[in-house]
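Asker: Here is a sequence together with a model predicted from it:
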Amino acid sequence: MNTIGMKSLLAKEVRRFMRVPGQTVLSPLISTSLYFLVFGYSLAGRVHEVEGVPYLQFIVPGLVFMGLANNAFLNSSSSLFITKIQGTVVDLLVAPLGPLELMAGFIGGAMVRGLMVGGLTWAVATLFTGFRLEHAPAALLFLLLSSYTFSVLGILAAVWAEKFEQINFFPTFVMLPLTFLGGIFYSVRELPSPWNHISLFNPMVYMVEGLRYGMLGQSGFSPLLGAGILVGVALLATGVAWAALRSGYKLKA
Amino acid sequence: MSSTPALELRGLTKNYGGKLTALTDVNLTIRPGEIFALLGPNGAGKTTLIGSVCGLVKKTSGKILVFGHDLDEDPVRPRYEVGLVPQEINFDPFFSVAESLYIQQGYYGQKRDEARVMEVLTALNLRNKADSLTRALSGGMKRRLLIAKALVHKPRLVFLDEPTAGVDVELRRDLWNYVRKLAAEGTTIVLTTHYLEEAEELADRVGVINEGKLLLVEEKKALLRRLGEKRLIVTFTAPLSTPLPESVLKAGATLSEDGRTVTYPEREGRAPGGDILRALYTEGLPVGDVETRHSRLEDILIDILRGKPAAAAGAA
């Protein structure tokens, strides 16, 4: 195990996005906060409570998740994809960095950015709604699981993509709809049939609901079931990413 | 010095999708501490060969051993010993020159070593650019940064894939001196280049590859001796109106169509050029200018690629 190599890649990944904090941290923080202000305040007048929770508080976990997931994904996907385009992927492939070191470096960097944006979004939301953290270990678990899973998915997208259009495919056509349909702004359980059942196939629902349980103390789903499903998704994504990096799929000639 | 080869290729073959064969059954042994020049035209398979060793290309079959370690058994560990200067310039615009080298040290499991980074930057005339962002460098500087990145972790086997493309003449000379110094310190160098002068200057041995097949591997000096030739070229002050003397023609000299120039290839077993010159003077021919030319690696490479029989005799 090349521990120094892995740490070096991780430190490089963090330094890379911290070189442009306006783009990588501030910009998503502002856009997520705008969701909070616009959706929260415009709907809070009509929807006072959802499942017994004031609406403004209800949407905080989902918005934290959205900032975290998007930025974890964007960091690993754009960083690895750009190394392919710039040709600096050669440095990584020639160096004694196996698939585990590469994954640890890219995932670590992406998780730091995701957690940073998610954490800052939470801090901003707290200014409006007050601080609530009912089950800290559960909140931490779902924050880590969500940021990890999206970091790995970012690696997969970057390995697969050959054009900029392709790297944008996943966030635009998969993540965005699933996130918005993942119960950020509403309770999935209150959806009419069959949409409430169909929503159960959306893994985002478990991430949002898990975080909601951790932060607000209540959720429409068992947090254990949610964690189990997410661990399964994370393991599957990790296995595929490991196999792709090990085989050099779309990275080696 | 260890007798374990720095690199051994056994039956190395690479097919792209079963259609294009980039390498065919390449067998090659690179000795530790030597400078080996791999020559061939564009698309011959040079970069594919290097990429197969460096983890950029997935070989189809064959064995690759780096300092005796089989890459099939452990594809990662032998790479601590390898450095690559890729053909294409690449740089990470987020980092400075020095930072790029610190990152590179880290990738190779080394702790940040500022003294080593400054040593390499000084050797490559980049010391005053240490804090510049890589995107601010000129093309030649970016090329030198690639070399610095390949060397900063002190690899024992270095691949230089067209290292001086786009580098000015003075700097090229500096780089040659640096490569010689590395080799003198025991680093094994495998070099590909389009500047055959570079191979002629630096290489201990030469390999010629074409269409994925290794055609020849030979000591450079022996190759130049075996396939090279010295030519005597005599120019007359006026075109000859009579044929060349019999003794000169029999020796193998030829007269140009315009009757102004005699060319005599001097080879082993033939009369020395001085005898030819003396015969021309003796006949009273109007000798104006005398010149000798040694064939260069470039001439020999062209002969080999054209499949001249004498060239093929040295095939590996």
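Answerer: Sure thing, it's come through.

Asker: Tell me the confidence at the closest residue to chain B within chain A?
Answerer: Nearest to chain B, among the residues of chain A, is A:Ser8, at 2.4 Å (CB to the nearest CB). Where you see a C-beta, it was placed from the backbone N, CA and C, and this is true even at glycine. A:Ser8 carries a pLDDT value of 97.

Asker: OK, contacts around it?
Answerer: Counting by CB atoms under 8 Å, 6 or more residues apart in numbering or on different chains, A:Ser8 makes contact with A:105, B:103, B:105-107.

Asker: Name the residues of the stretch 151-253 of chain A found near chain B, please.
Answerer: A:247-248, A:252-253 (CB under 8 Å from any CB of the partner chain).

Asker: Scan those and report the most crowded one.
Answerer: Within these, neighbour counts (other CB atoms under 10 Å in any protein chain shown) peak at A:Gly248, which reaches 17 neighbours.

Asker: Now do the contacts for the closest residue to that residue other than its chain neighbours.
Answerer: Among residues not flanking A:Gly248 along the chain, B:Lys58 sits closest, at 5.7 Å (CB to CB, 6 or more residues apart in numbering or on different chains). By CB under 8 Å, 6+ apart, the residues touching B:Lys58 are A:247-248, A:252-253, B:14, B:52.

Asker: ok so B:Lys58 is a helix residue?
Answerer: No - counting by DSSP: H, G, I helix; E, B strand; the rest coil, B:Lys58 falls outside a helix, being coil.

Asker: Is A:Phe106 part of a helix or strand, or is it coil?
Answerer: Secondary structure, three-state DSSP: A:Phe106 is helix.

Asker: Run a quick neighbour tally on it.
Answerer: Going by other CB under 10 Å, the residues that sit close to A:Phe106 add up to 27.

Asker: Quickly note the distance from the closest residue to it other than its chain neighbours to A:Gly114.
Answerer: Using CB to CB, 6+ apart and skipping the chain neighbours, the partner closest in space to A:Phe106 is A:Ser76 (4.7 Å). With the distance defined as CB to CB, to the nearest Å, A:Ser76 ends up 9 Å from A:Gly114.

Asker: what's the overlap in contacts for the two?
Answerer: By CB under 8 Å, 6+ apart, the residues touching both A:Ser76 and A:Gly114 are A:Ser151.

Asker: Out of the helices and strands in chain A, which is least certain?
Answerer: helix A:41-44 (a mean of 75; mean pLDDT, DSSP states H and E).

Asker: that's a strand at the residue of chain A closest to chain B, yeah?
Answerer: No - under three-state DSSP, A:Ser8 falls outside any strand and is assigned helix.

Asker: What ranges does chain B have for its helices?
Answerer: Assigned by DSSP state H, chain B shows helices spanning B:46-54, B:97-107, B:114-123, B:139-151, B:169-184, B:196-202, B:220-227, B:246-251, B:273-282, B:297-305, B:309-312.

Asker: quick one: the third one near chain A?
Answerer: Just to be clear, that refers to helix B:114-123. No - judged by CB under 8 Å from any CB, helix B:114-123 stays clear of chain A, getting no closer than 13.6 Å.

Asker: residues in contact with that helix?
Answerer: Against helix B:114-123 from outside (CB under 8 Å, 6+ apart): B:97-98, B:101-102, B:105, B:127, B:129-130, B:148, B:151-152, B:154, B:178.

Asker: would you put the C-alpha positions of that helix in CSV?
Answerer: Output of helix B:114-123 as CSV, limited to C-alpha atoms (Å, rounded to 0.1, in the frame of the first residue of the first chain):
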residue,chain,number,x,y,z
GLU,B,114,12.9,20.4,-1.2
ALA,B,115,16.6,19.9,-1.8
ARG,B,116,16.0,17.2,-4.4
VAL,B,117,13.3,19.3,-6.1
MET,B,118,15.6,22.3,-6.3
GLU,B,119,18.5,20.1,-7.6
VAL,B,120,16.3,18.8,-10.5
LEU,B,121,15.0,22.2,-11.3
THR,B,122,18.5,23.6,-11.3
ALA,B,123,19.7,20.9,-13.6
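
Asker: now it: how far from the chain's centre is it?
Answerer: Offset of helix B:114-123 from its chain centre (CA atoms, centre = their mean, to the nearest Å): 26 Å.

Asker: Now for A:Phe131, how many residues are close by?
Answerer: Applying other CB under 10 Å, we find 10 residues neighbouring A:Phe131.

Asker: cool, and the one 10 residues further on?
Answerer: Each residue near A:Leu141 was counted by other CB under 10 Å, and the total is 20.

Asker: Just to check, it is in contact with A:Ala227?
Answerer: Yes - between A:Leu141 and A:Ala227 there is a contact at 6.3 Å, judged by CB atoms under 8 Å.

Asker: that older thread, please name whichever of the helices of chain B is nearest to B:Val290.
Answerer: Across these, B:Val290 has its closest neighbour in helix B:273-282 (6.6 Å, CB to CB).

Asker: Ignoring the adjacent residues along the chain, who's closest to the residue of chain A closest to chain B?
Answerer: Closest residue to A:Ser8 in three dimensions, ignoring its sequence neighbours and counting by CB to CB, 6+ apart: B:Gly106, at 2.4 Å.

Asker: With B:Val26 instead?
Answerer: The nearest residue in space to B:Val26 (CB to CB, 6+ apart) is B:Leu12, at 4.3 Å.

Asker: How about B:Arg293?
Answerer: B:Arg231 (4.8 Å).

Asker: Enumerate the residues of the stretch 51-200 of chain B near chain A.
Answerer: Near chain A, when you scan the stretch 51-200 of chain B using CB under 8 Å from any CB, you find B:51, B:54-58, B:75-77, B:79-80, B:82-84, B:86, B:88-95, B:103-111, B:149.

Asker: Return the members of those residues classed as buried.
Answerer: When these are checked for burial by 16 or more other CB atoms under 10 Å in any protein chain shown, the buried set is B:51, B:54-57, B:75-76, B:79-80, B:82-84, B:86, B:89-92, B:94-95, B:103-110, B:149.

Asker: okay, how far is it across stretch B:135-144, tip to tip?
Answerer: End-to-end span of stretch B:135-144 (CA to CA, to the nearest Å): 13 Å.

Asker: hey, where'd the helices end up in the stretch 1-150 of chain A?
Answerer: Using DSSP state H, counting those that start in this stretch, the helices of the stretch 1-150 of chain A run over residues A:3-18, A:21, A:27-35, A:41-44, A:55-86, A:89-94, A:99-129, A:136-160.

Asker: Point out the most buried one among those.
Answerer: helix A:55-86 (a mean of 25; mean count of other CB atoms under 10 Å in any protein chain shown).

Asker: domain ranges for chain B?
Answerer: Chain B breaks down into these domains under automatic domain parsing: B:7-225, B:229-294.

Asker: among these, which is the most enclosed?
Answerer: Compared across the domains of chain B, domain B:7-225 shows the largest average neighbour count, a mean of 19 (mean count of other CB under 10 Å).
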